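In: For reference, the sequence and a predicted model appear below.
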Amino acid sequence: MIKKQIEDKSLTVSEIAEKSNLTRNKVWSYIRKNGIKPKSKKGKTYQFDSQIVSELIQKQSKKQVKTDNNKNISVSDDVLKIFQKQLETKDKQIERLQNTVDYFQKENLALRLESSKQKKLIAEKNDKLNAVSENDLKTEKKHWWQSFF
């Protein structure tokens with residue numbers, strides 16, 4: 001019913017812009033590009049056929065769909081390239097960090113082995129020293145004359 005009301009009457013550029021949700025400049029641009037003649041002129045105000053509203057709405061929706069599709073494709077390609085670069089960078093970082101972790105694990109193992117060897121050597125030396133000192137304590141000092149008997 002609203003379409004019938006729009007189709008039956010003539011509208012000003014401002015009314016066309018309001019109904020099609022466009023600016024007056026865009027409406028005038030569309031009118032000039034398509035060479036649309038006014039239906040009537042009242043003073044300085046031009047009256048155009050109300051059919052322009054539906055044409056503008058259709059054109060705008062087609063343009064919107066087209067730009068949305070193009071934006072999605074181009075954005076998707078750009079985003080994909082950015083993500084691929086980031087992924088490559090992250091892979092390199094992970095590899096470097098894994099090499100660093102491996103190096104420190106090997107060093108830690110080597111240090112632990114060396115530390116355990118040193119602990120064993122120290123323990124053996126302490127055992128030998130304790131054994132020698134115990135032997136010294138066991139042997140009582142004898143006078144020179146007790147060694148004969």
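Out: Yep, that arrived.
In: Mind jotting down where the helices sit in the chain?
Out: 2-8, 13-20, 24-34, 51-138 (DSSP state H).
In: most packed of those?
Out: helix 13-20 (a mean of 18; mean count of other C-beta atoms under 10 Å). Where C-beta positions appear, they are placed from N, C-alpha and C, glycine not excepted.
In: Quick one: list the elements packing against that one.
Out: Other helices and strands packing on helix 13-20, by 3 or more C-beta pairs under 8 Å, 6 or more residues apart in numbering; DSSP states H and E, are helix 24-34, strand 45-49, helix 51-138.
In: so can I have JSON lines of the helices of the chain showing distance to residue 44?
Out: Written out in JSON lines, the entries for the helices of the chain read as follows (distance: least, C-beta to C-beta, whole Å):
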{"stretch": "helix 2-8", "distance to residue 44": "23"}
{"stretch": "helix 13-20", "distance to residue 44": "11"}
{"stretch": "helix 24-34", "distance to residue 44": "14"}
{"stretch": "helix 51-138", "distance to residue 44": "19"}
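In: Export the ones you listed as TSV, with columns for mean pLDDT.
Out: Formatted as TSV, the entries for those read as follows, by pLDDT from 0 to 100:
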stretch	mean pLDDT
helix 2-8	48
helix 13-20	86
helix 24-34	87
helix 51-138	83
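In: Which one of the ones you listed lies nearest to residue 43?
Out: Closest to residue 43 of these is helix 13-20 (C-beta to C-beta; 13.6 Å).
In: Please list the outside residues in contact with that closest one.
Out: The set of residues that contact helix 13-20 without belonging to it, under C-beta atoms under 8 Å, 6 or more residues apart in numbering, is 6, 11, 22-24, 26-28, 31, 46, 48, 50, 52-53, 56-57, 60.
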